[in-house]
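Chemist: I would like the atomic coordinates for the input below:
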Amino acid sequence: MSPTKSVLITGGARGIGRSLALAFLARGYNTHIFYHRSEAAAKTLAAQGMHTYAVDLRDHDAICRAVAHILETGPIDVLINNAGISETTLFQHTEPITFENLFAVNVTGAFYVTQAVLPSMIERKSGAIINISSIWGARGASCEVAYAMTKGAIDAMTRSLALEVAPSGIIVNAIAPGCVETDMMDRYTDTDMAAILENIPLGRMAGPDEIASFALYLAEQTYATGQIFTLDGGMGV
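Modeler: Numbering: from 1, shown residues only. Modelled structure (predicted):
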């Protein structure tokens, strides 16, 4: 790839984010990741040649400083808003702080990172933004109402921003995974997992590398925009 392109991935130290980072690095991208508490994992990725930044996505000023630092070294060609937290609880038991943190990280953080990166993309009339959503954003999820609300907001942001920046040559899409083999699934019992797999026609969860492969495609294609691409093994059919 010449000249070398650059990607910024939020929540890039673990789970889907780590697979995204490794996939883009292997493709030759100059790879930048934001992480919050996963310092040991981030150090491992830094040793492989990635640029890592400890950024709390609830801190607008920290986001702006980190993005500005990256832009001093060169443009950001691809932004992947991957960072997210989840919570499983009954609607009436969802604490205010839990609700606020879900939106602060999953929605507001993605909004502010995009807002910091976008002007440089508009100036160059080039760029790709990929938001990691969830099938629950469109389908809804019992005992995950607040989480599903955040992903519904990400879907709306994806479609609306795609329309706004299309005249500037910028592509905006989202990937909505179903169940993915990451540590987010560790809270489920074997019985829970058996029930989950019964509802997936392909009979298995996605590997995070499969999400990363699709993200690479979206980053390099030039015509699909404003779309929410569902990767759920057939659950929504």
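Chemist: residue boundaries of the helices in this structure?
Modeler: 15-26, 39-46, 60-73, 96-103, 110-124, 136-139, 145-165, 190-198, 208-220 (DSSP state H).
Chemist: Quick check: the residue in the chain sticking out farthest from the centre vs E198, distance?
Modeler: Computed with C-alpha atoms, centre = their mean, the residue of the chain farthest from its C-alpha average is T191, at 28.5 Å. To E198, T191 is 11 Å away according to C-beta to C-beta, to the nearest Å. Quick note: C-beta positions are derived from backbone N, CA and C, even for glycine.
Chemist: Ok, V117 next?
Modeler: 41 Å.
Chemist: neighbour count winner among the two?
Modeler: In terms of neighbours (other C-beta atoms under 10 Å), V117 is the more surrounded of V117 and E198; the figures are 22 against 9.
Chemist: Quick one: residues contacting the closest residue to A23 other than its chain neighbours.
Modeler: Closest residue in space to A23, ignoring its immediate chain neighbours: A212 at 3.8 Å, by C-beta to C-beta, 6 or more residues apart in numbering. Contact analysis of A212 by C-beta atoms under 8 Å, 6 or more residues apart in numbering lists I16, S19, L20, L22, A23, F24.
Chemist: how about these, which pair is most distant?
Modeler: Spanning the widest gap among these are I16 and F24, at 12.4 Å by C-beta to C-beta.
Chemist: before we move on, the earlier item: tell me, what's the model's pLDDT at the residue nearest to A23?
Modeler: On pLDDT, A212 comes in at 98.
Chemist: what about R204, distance to V107?
Modeler: R204 is 30 Å from V107, by C-beta to C-beta.
Chemist: which one of these two has more residues nearby?
Modeler: Higher neighbour count among R204 and V107: V107, with 21 against 11, using other C-beta under 10 Å.
Chemist: That one and T150 touch, don't they?
Modeler: Yes - look at V107 against T150 with C-beta atoms under 8 Å: they come within range, at 5.1 Å.
Chemist: most surrounded residue in the contacts of A212?
Modeler: Most surrounded of the contacts of A212: other C-beta under 10 Å gives L20, at 31 neighbours.
Chemist: Please name the residues that touch the one residue sitting closest to the centre of the chain.
Modeler: By C-alpha atoms, centre = their mean, the mean C-alpha position of the chain lies nearest to N82, the distance being 1.7 Å. Shown in contact with N82 (C-beta under 8 Å, 6+ apart): I9, T10, G11, G12, I16, G17, L20, I132.
Chemist: how about 6 Å then?
Modeler: N82 makes contacts with I9, T10, G11, I16, G17, I132, as judged by C-beta atoms under 6 Å, 6 or more residues apart in numbering.
Chemist: Alright, calling it a day.
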